[in-house]
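> fold the following for me, if possible:
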Amino acid sequence: MFRRVTVITASAVLAASAAYGAPENTEPARRGPQPIYKVTVISRTTKAVNYGYRSVPTRIGFQGTALMPHAEGEAKVASKGGSTLIEARVNDMDQPGRFGPQYLSYVLWAISPDGRPQNLGELILKGGDDAHLTATTNLQTFAMIVTAEPHFSVTKPSGVVVMENVLRSDTIGKVETVNASYELLPVTEYTYTAGAQTSAPRPEVSESEYEAVVALYQAQNAVQIAESQGAQRHAPARIAQARKLYDQARAYPSSVSKDIVALARESTQLAEDARLVSVRRAQEERDAREAQETAAARLQAESAQRAMEEQARRAREQAERAAAEAARAAQAAAQVNARAEEQQRARQDAVETQRARIEDVEARAKQNRARLVTELSRSLHTIDSPRGVVVTIREPLPSGAVLRSILRPVAAAIRQYPGVHLEVEAHTDAAGNTAWRQTQVHAAAVRDALLDLGVPAGSLSTRGYGNTRPTSAAGAQNRRVEIALKGGPIGDTAAWEYGYSVSPR
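Prediction:
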């Protein structure tokens with residue numbers, strides 16, 4: 001299978017940066033050929049479906065919006081314990097570059113009724129105009145839309161909504177329809193000019209080379225979007241690592257397209273993380289500035305108020321006898337002191353209440369953590385550490401039902417303590433890329449087994465470290481998979497750690 005690859009210029013990539021971070025009311029530039037049609041996207045609602053809890057599988061349709069009216073598709077949705085499985089297929093899709101050279105990917109979204117978006121994954125058009133995707137979500141009631149995006153790892157949908165879900169006549173089961181308002185989407189005007197050339201054609205390349213080129217362009221989009229939003233200032237380490245991975249991927253020969261795709265996608269994810277950190281920290285800076293301005297305005301108002309009160313006091317002193325003024329001043333001072341004492345008592349009560357609440361939460365977390373360590377230690381090698389409650393599985397790593405049987409106590413612990421996050425980390429004592437990839441395979445195998453046991457996908461993360469994190473022991477002791485349970489109802493402090501107050505007694 002071969003695909004024709006196009007050149008995406010630096011200006012096109014920067015256009016993605018501007019589109020992703022521009023205010024909603026930004027007016028599009030009017031230059032070049034006039035469009036043969038123009039669509040203003042104003043609809044922000046679609047139907048959300050309540051798929052129930054562990055209900056029978058059902059099907060729902062997809063139809064194209066005004067931006068891609070000929071597109072269609074369907075999805076099979078099955079509610080499982082703790083998650084909802086989605087198998088989506090779409091047909092008659094145009095290439096995303098139709099909406100601008102900065103758009104390189106289609107992303108399927110789940111939108112909750114209150115407008116919260118969740119990225120379900122990338123719809124990759126391989127060798128044609130159709131695509132399929134299998135994904136899970138922890139939502140039970142949601143709508144689904146498809147948008148064109150500058151890269152696959154975006155965390156909020158763009159305004160280019162090309163498909164949305166519709167109820168089919170054969171949709172079965174208990175269905176509750178509500179309007180899901182995706183208010184996070186900007187109201188944007190999009191144009192399309194027949195015959196407009198936004199990129200230069202190049203010779204056809206193989207499917208694997210095409211995927212590598214698209215992955216590189218998505219990484220380039222993600223890096224430059226993050227940099228345009230201040231990542232070099234607010235998240236320098238993350239964006240530097242993202243650009244390093246991108247440069248490494250570019251330096252690889254085209255014959256290792258899988259490695260190029262892996263590095264480029266990791267670069268894309270790191271760049272999106274850096275962008276999110278930058279957005280959050282920029283907002284924190286704005287909030288701090290606003291707080292300072294508010295405090296300064298309050299001080300100025302208080303100063304003006306004090307000046308007015310002083311003028312009034314002097315006027316009263318001139319008009320009233322000294323004895324009456326002294327009495328009034330004494331009465332005012334008593335009232336101020338009483339209010340100050342009352343406010344001080346209120347603050348002390350609030351501090352004590354908050355301290356008691358925090359101590360109660362920490363005590364429950366320590367009890368839960370100690371209980372969890374005891375329960376897991378009955379069948380697994382378990383330690384309590386600052387990283388969390390760590391379960392270690394030595395190689396050879398079993399598979400299938402044996403691995404699920406070993407991990408069943410961990411899955412039971414997650415059900416008992418909802419909100420706990422699991423970090424699956426695989427290690428080895430061998431060197432080289434093969435060993436590093438093998439640890440990724442081991443980590444993924446443990447993750448899949450935990451998913452089969454009902455652990456929510458949102459509470460899992462995996463990482464293969466190769467031989468970069470050996471233990472104090474040597475050789476085979478380093479071939480292991482560690483599962484770190486942390487956060488939520490078991491807290492982030494080991495049971496043997498103690499905190500000491502430095503306040504005077």
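
> can you list the weak-confidence ranges in the stretch 201-350 of the chain?
201-205 (pLDDT under 70).

> repeat that for 80
201-207, 325 (pLDDT under 80).

> before we move on, what about the chain?
For the chain, the ranges with pLDDT under 80 are 1-47, 52-56, 80-82, 126-128, 170-207, 325, 471-477, 494-505.

> domains in it, by residue range?
The chain breaks down by automatic domain parsing into domains covering 1-28+201-299, 37-192, 300-363, 365-490.

> dump these to a markdown table, plus mean neighbour count and distance to residue 496.
Every residue, glycine included, has its C-beta placed from N, CA and C. Formatted as a markdown table, the domains of the chain follow (neighbours: other Cβ atoms under 10 Å; distance: least, Cβ to Cβ, whole Å):
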| stretch | mean neighbour count | distance to residue 496 |
| --- | --- | --- |
| domain 1-28+201-299 | 18 | 31 |
| domain 37-192 | 18 | 32 |
| domain 300-363 | 10 | 14 |
| domain 365-490 | 17 | 7 |
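
> center of this structure - which residue?
Closest residue to the average C-alpha location of the chain: residue 155 at 5.6 Å, with Cα atoms, centre = their mean.

> isn't there a strand covering that residue?
No - counting by DSSP: H, G, I helix; E, B strand; the rest coil, residue 155 is not found in a strand; it is coil.

> wait, what's in contact with it?
Listed by Cβ atoms under 8 Å, 6 or more residues apart in numbering, the contact partners of residue 155 are 117, 119, 272, 276.

> try residue 254
Counted by Cβ under 8 Å, 6+ apart, residue 254 has contacts 209, 212, 260.

> gap between it and residue 260?
Distance of residue 254 to residue 260, given as Cβ to Cβ, to the nearest Å: 8 Å.

> what residues are shared contacts of those two?
With Cβ under 8 Å, 6+ apart as the test, residue 254 and residue 260 both reach residue 212.

> wait, residue 422 sits on residue 450?
Yes - look at residue 422 against residue 450 with Cβ atoms under 8 Å: they come within range, at 6.9 Å.

> joint contacts of those two?
Both residue 422 and residue 450 are contacted by 410, 414, 460, under the criterion Cβ under 8 Å, 6+ apart.

> dump these to JSON lines, plus distance to residue 281 and secondary structure.
Formatted as JSON lines, these follow (distance: Cβ to Cβ, whole Å; DSSP: H, G, I helix; E, B strand; the rest coil):
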{"residue": "410", "distance to residue 281": "35", "secondary structure": "helix"}
{"residue": "414", "distance to residue 281": "32", "secondary structure": "helix"}
{"residue": "460", "distance to residue 281": "27", "secondary structure": "strand"}
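
> in JSON lines: the residues you listed, plus distance to residue 291.
JSON lines is the format used below for the shared contacts of residue 422 and residue 450 (distance: Cβ to Cβ, whole Å):
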{"residue": "410", "distance to residue 291": "44"}
{"residue": "414", "distance to residue 291": "39"}
{"residue": "460", "distance to residue 291": "38"}
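
> of all these, which comes closest to residue 319?
residue 414 (76.2 Å; Cβ to Cβ).

> show the contacting residues for the closest residue to the closest one other than its chain neighbours.
Once flanking residues are discounted, residue 414 sits nearest to residue 455: 5.2 Å by Cβ to Cβ, 6 or more residues apart in numbering. By Cβ under 8 Å, 6+ apart, the contact set of residue 455 is 82, 410-411, 414, 422.

> and the two most separated of those residues?
Across those, the longest distance by Cβ to Cβ is 14.1 Å; it joins 82 and 410.

> can you show me the strands along the stretch 101-250 of the chain?
105-111, 117-123, 131-137, 141-149, 161-166, 177-181, 189-192, 201-206 (DSSP state E, counting those that start in this stretch).

> quick one, what contacts the nearest residue to residue 456 once chain neighbours are set aside?
Beyond its immediate neighbours in the sequence, the residue positioned closest to residue 456 (Cβ to Cβ, 6+ apart) is residue 82, lying 4.9 Å away. Contacts were defined as Cβ under 8 Å, 6+ apart; by that measure residue 82 touches 138, 454-456.

> how long is stretch 65-81 end to end?
Stretch 65-81 has an end-to-end distance of 33 Å (Cα to Cα, to the nearest Å).

> and that stretch, how far out from the chain middle?
Chain-centre distance of stretch 65-81: 23 Å, with Cα atoms, centre = their mean, to the nearest Å.
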